[in-house]
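1. Attaching a predicted model along with its sequence, questions to come.
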Amino acid sequence: METRNNRKDAVHRFGWLLDESIRLPGGFRIGLDGIVGLIPGIGDVIGLALSSVIVLDAGRRGVPPSILLRMAANVLIEMVIGSIPLIGDVFDFVWKANTRNLRLLELALDDRASTQRRSRVWSILGLGALIILSGLIVWFLVQLILWAVATLGIGSV
């Protein structure tokens, strides 16, 4: 039977493998998550699947939903920005969603109430940013369609 400490050690080793297992000259560390992210087309999806293991483990440990949401946001940010060619590849090596999520997991287990309050604030701010970004995207698409209609003369008789 797996004890709580063994499971904690296993998830920490997994996060370390994904984000910090390879030491580069100058002391900077990278992991397999960033390397897998270099695979065109599917690398970031594989990274998402691997990073989800830590979030799922946190859920099994009873981490509150607001903290799980923040952890999921870290992983999604890494996947979405990581999918941008070149810039995203560098971002994958720097963002280290798994290390962030392990820190959140530890804080949640040590001081659940305080971590939950901070995570709620971040979730609200993130939701607000998502709504603003969605609005900007819709506005941009409408402008693009209006420009295309005007330029191509679509709809004029």
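-> Noted; the coordinates are in hand. Predicted model, so just to flag it, every value in this text is computed and none were measured.

2. Could you use CA atoms for every contact and neighbour count after this?
-> Noted.

3. So which elements touch the helix or strand bottoming out on mean pLDDT in the chain?
-> Using mean pLDDT, DSSP states H and E, helix 112-152 stands out as the lowest-scoring helix or strand of the chain, at a mean of 79. Helix 112-152 is packed against helix 65-82, helix 97-110, with contacts defined by 3 or more C-alpha pairs under 8 Å, 6 or more residues apart in numbering; DSSP states H and E.

4. Would you mind putting those into JSON lines with mean pLDDT and distance to residue 123 alongside?
-> Shown next, in JSON lines, are the helices and strands packed on helix 112-152 (pLDDT from 0 to 100; distance: least, C-alpha to C-alpha, whole Å):
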{"stretch": "helix 65-82", "mean pLDDT": "88", "distance to residue 123": "6"}
{"stretch": "helix 97-110", "mean pLDDT": "91", "distance to residue 123": "13"}
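
5. Identify whichever of those lies nearest to residue 21.
-> helix 97-110 (11.5 Å; C-alpha to C-alpha).

6. Show me what that closest one is in contact with.
-> Contact with helix 97-110 is made by 12, 15-16, 18-19, 51, 54-55, 58, 63, 67, 71, 74-75, 78, 115-116, as judged by C-alpha atoms under 8 Å, 6 or more residues apart in numbering.

7. roughly how far apart are the spatially most central residue of the chain and residue 138?
-> The centroid of the chain falls nearest to residue 75 when counting by C-alpha atoms, centre = their mean (2.0 Å). Per C-alpha to C-alpha, to the nearest Å, residue 75 is found 24 Å from residue 138.

8. can you check residue 79 too?
-> Taking C-alpha to C-alpha, one finds residue 79 at 22 Å from residue 138.

9. out of those two, which sits in the busier spot?
-> residue 79 (24 against 12; other C-alpha atoms under 10 Å).

10. element containing the nearest residue to that one once chain neighbours are set aside, please.
-> Residue nearest to residue 79 in three dimensions, not counting chain neighbours: residue 44, with 5.4 Å by C-alpha to C-alpha, 6 or more residues apart in numbering. Using DSSP states H and E, residue 44 maps to helix 43-60.

11. Please name every helix or strand in contact with that helix.
-> helix 4-19, helix 32-36, helix 65-82, helix 97-110.

12. One more pass at 7 Å, please.
-> Contacts defined by 3 or more C-alpha pairs under 7 Å, 6 or more residues apart in numbering; DSSP states H and E place helix 43-60 against helix 32-36, helix 65-82.
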